[in-house]
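Trainee: 3D, please:
(one chain, ligands or ions: 1)
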Amino acid sequence: MSIINKFIKNNINDPYILVCTSKSQMLFCKDILDKKDIDNDLIPTPKGFGGVCTTAIKFDKRDLQDIKNIVRYNKIKTEGIYPFSKKYKYNLKEIYNDNLSQKFIDIIKKIEAGVDLSKEDIVYLLKAKDKEYNSLIKTADIVRKECVGDRIELRAAIEFSNYCKKDCNYCGVRKSNTTSRYRMEEKAILKKVDELYKIGIKTVILQSGEDLYYTTEKILSIVRKIKEKYRMGITLSIGERDHKEYKLFSKEGVDNYLLKIETANKELFERIHPDDKYDERVKHHRLIKEAGIRVGSGGMIGLPGQTLENIAQDILFQRDFGIHMIGFGPFLPAKGTPYEREKSGELEMTLKVVAITRIVCQHVFLPATTAIASLHPEGQTLALKAGANTIMLISTPPNLRENYEIYSNKNMVDLSFAIESTRDAGRKMPKYLNYDYIKDMGYDIEDSLI
Ligand code: SAM
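Mentor: Here you go, the predicted model:
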């Protein structure tokens, strides 16, 4: 079996899910199953069985009795054990009025029945035009509303270093690019986190190039201080690290790790990443997940040489790998890189990918990415209307953010921009923000948005 199949395909044909009451109980249980060689996988808890940010253990019906015994004997605290087939069913009746092709109707029926879409179905949807394009977006919007509701999730990224040891062909902060380099020290990062805490942000994303100046200890120290003082959720996005580091990060309370697959096609992946191996990237996804950290992945749409089949494979990777947060954005050419003169990914294609990802992966976080907001002034609003539910603020200090130019003409999505996109998409801001403080800061936000 190839490494990819070994990592993605478990021997689970008649799936059941076990939902534990906490992450520690879930990891405790998973550890026992692994030791007993019982096939299992970690997946985002499906709609109806738990919150969007929780993780369930998937296993095969043949092991049901053994697992019940293990749960009882080890006093594992669970919410329940459920057959996967009982998962939430969507009502897409209104889509049938759209006068669609038989193939499209068959796909809608599959979605309603909870049957997995095939690669061929996804390629068909990626070709949707005019009326069928509108129906695709509408379907994703219905699924989004049922899964995660109307409130957006707002996260904030501090891009704390643009040093990078790698030379990815598309990336503006690649090692060989002549760009002015910076690093933020712990104190400066914490100062920024303090500002985010005051406005009520619940999850901070710490992102950088692959910069080993930030040793395990340095990262752990920052994580520890954020957890102690602010109790905020933490997403790390610092590239591939050692498996022991993922475990330490998890122990210290790192909640999510954003490491995109970029493309799930091995050949294309290795063409755009001269320093990376596809199988290694997949392995890192697995290691992060097994350390008990939720994985953020996703990729770029419109990469030079990418086909519709490749994109369908990218979407299926997210589903089959049980990814919690899936960021798809257009490829955008960056000055000074080998791909400087390549064409940007297309808006409509990126929106179709967001929509299909919502339909296929369902109960997950889907960002309306900074890249789509950079491609088109209405890109973020349109992505929110096509199934996305998350916005990431750029919270790097203003004097540094211009140097974190992973692609040219980046939209520095700030709170005003996020409020505007949310309003234009007819959605609501998160409940948890500190609106009195935000209004005092001079932001224009009407009560109907809150
Ligand atoms: N170094 C870490 C890593 O590789 O995961 C995190 C930072 S990396 C610069 C963040 C993301 O930027 C990548 O995952 C990639 O998807 C995106 N990115 C970089 N260059 C891009 C480009 N030219 N167009 C679109 N997205 C790009």
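Trainee: Show the residue spans covered by the strands in this protein.
Mentor: Remark: strands assigned in the chain by DSSP state E are 15-20, 40-44, 55-60, 78-83, 153-161, 203-208, 233-237, 256-258, 294-301, 325-330, 390-394.
Trainee: List the buried residues of stretch 221-228.
Mentor: 222-223, 226-227 (16 or more other Cβ atoms under 10 Å). Every C-beta, even on glycine, is put in place using the N, C-alpha and C of the backbone.
Trainee: could the strands of the chain be laid out in a markdown table, adding mean pLDDT, mean neighbour count and distance to the ligand?
Mentor: Supplementary listing: the strands of the chain in a markdown table, determined by pLDDT from 0 to 100; neighbours: other Cβ atoms under 10 Å; distance: least, Cβ to the nearest ligand atom, whole Å:
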| stretch | mean pLDDT | mean neighbour count | distance to the ligand |
| --- | --- | --- | --- |
| strand 15-20 | 95 | 22 | 29 |
| strand 40-44 | 94 | 23 | 20 |
| strand 55-60 | 95 | 22 | 21 |
| strand 78-83 | 95 | 15 | 33 |
| strand 153-161 | 98 | 24 | 8 |
| strand 203-208 | 98 | 23 | 5 |
| strand 233-237 | 98 | 21 | 5 |
| strand 256-258 | 98 | 23 | 7 |
| strand 294-301 | 98 | 26 | 5 |
| strand 325-330 | 98 | 28 | 6 |
| strand 390-394 | 98 | 23 | 11 |
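Trainee: Which pLDDT does the model give the closest residue to residue 247 other than its chain neighbours?
Mentor: If the residues on either side of it in the chain are set aside, residue 247 comes closest to residue 291, at 4.8 Å by Cβ to Cβ, 6 or more residues apart in numbering. We have a pLDDT of 94 for residue 291.
Trainee: Mind picking the two most distant members of the buried residues of stretch 221-228?
Mentor: When the buried residues of stretch 221-228 are compared pair by pair using Cβ to Cβ, the farthest-apart members prove to be 222 and 227, with a separation of 9.7 Å.
Trainee: residues in the stretch 201-350 of the chain within reach of the ligand, list them.
Mentor: Applying Cβ under 6 Å from any ligand atom, one finds that the stretch 201-350 of the chain approaches the ligand through 207, 209-210, 237-239, 259-260, 262, 300, 329, 331-332, 334.
Trainee: Next, count neighbours for residue 274.
Mentor: Applying the criterion other Cβ atoms under 10 Å, we find 12 residues in the vicinity of residue 274.
Trainee: Is it in contact with residue 171, as I believe?
Mentor: No: taking Cβ atoms under 8 Å as the definition, residue 274 is not a contact partner of residue 171, at 11.3 Å.
Trainee: How much space separates the closest residue to residue 113 other than its chain neighbours from residue 46?
Mentor: The shortest distance from residue 113 to any residue other than its chain neighbours is 7.5 Å, reached at residue 89 (Cβ to Cβ, 6+ apart). When Cβ to Cβ, to the nearest Å is the yardstick, residue 89 and residue 46 sit 11 Å from each other.
Trainee: try residue 187
Mentor: Distance from residue 187 to residue 46, counting by Cβ to Cβ: 42 Å.
Trainee: Comparing the two, which shows the higher neighbour count?
Mentor: Counting neighbours by other Cβ under 10 Å for residue 187 and for residue 46 shows that residue 46 has the greater number, 21 against 9.
Trainee: Quick check: residue 245 touching residue 216?
Mentor: Yes: using Cβ under 8 Å as the test, residue 245 is close enough to residue 216 to be in contact (5.1 Å).
Trainee: More neighbours: those two, which one.
Mentor: Neighbours around residue 245 and residue 216, counted as other Cβ under 10 Å, are more numerous at residue 245. The numbers are 19 against 14.
Trainee: contacting residues around the nearest residue to residue 431 once chain neighbours are set aside?
Mentor: Setting aside the residues directly before and after it, residue 431 is nearest to residue 151 in space (Cβ to Cβ, 6+ apart), at 6.6 Å. When the contact criterion is Cβ atoms under 8 Å, 6 or more residues apart in numbering, the partners of residue 151 are 389, 427-431.
Trainee: neighbour-wise, which of those leads?
Mentor: Of all the contacts of residue 151, residue 389 has the most neighbours under the rule other Cβ under 10 Å, reaching 23 neighbours.
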